[in-house]
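Peer 1: sequence plus the predicted model coming up.
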Amino acid sequence: MSFSADVPRDLQAALRPFPTLSVAIEGQTLRVVMNEPFVQRRTYEAIASAYCTSAARSTRRPWGGLPLKGIEVVNVTQAQGFGFSGTVVDCARWAKLPPDATEAFVDQRTRPLQRQ
């Protein structure tokens, strides 16, 4: 697993448990390349949750003050995966939702990623 130098420590800690090849910031998006041939929806949701939880738990500037607007989780060939549109504010909202409302919240902000 390798993290680009600009990935804040709170995000590195949140993503360390997952089998990633690389984690980098591209523009205002955190891009996670998995060491898997296919990104399962459940794996993507766990990573999106870790992304948001790291912001919600931060007592200072979440994500080192970076104005991230989302995360993309892609497979080893970067041809398939999912994207989550979510800022610090969205993540704080997710953290306060009751469990029965989180699925709809995530679905509204999720898009499939496919490269031909």
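Peer 2: Cool, got the structure. Residues are numbered from 1 along each chain as shown.

Peer 1: partners of the one helix or strand residue 21 maps to in the sheet?
Peer 2: Using DSSP states H and E, residue 21 falls within strand 20-26. Here strand 20-26 is paired, per DSSP bridges, with strand 2-3 (parallel), strand 29-34 (antiparallel).

Peer 1: any chance of those in a markdown table, plus mean neighbour count, mean pLDDT and distance to residue 12?
Peer 2: For every residue, glycine as well, the C-beta is placed using N, CA and C. Below are the strands paired with strand 20-26 laid out as a markdown table (neighbours: other CB atoms under 10 Å; pLDDT from 0 to 100; distance: least, CB to CB, whole Å):
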| stretch | mean neighbour count | mean pLDDT | distance to residue 12 |
| --- | --- | --- | --- |
| strand 2-3 | 14 | 78 | 5 |
| strand 29-34 | 22 | 96 | 11 |
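
Peer 1: make a markdown table from these and add distance to residue 87 to it.
Peer 2: Output for the strands paired with strand 20-26, formatted as a markdown table (distance: least, CB to CB, whole Å):
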| stretch | distance to residue 87 |
| --- | --- |
| strand 2-3 | 21 |
| strand 29-34 | 11 |
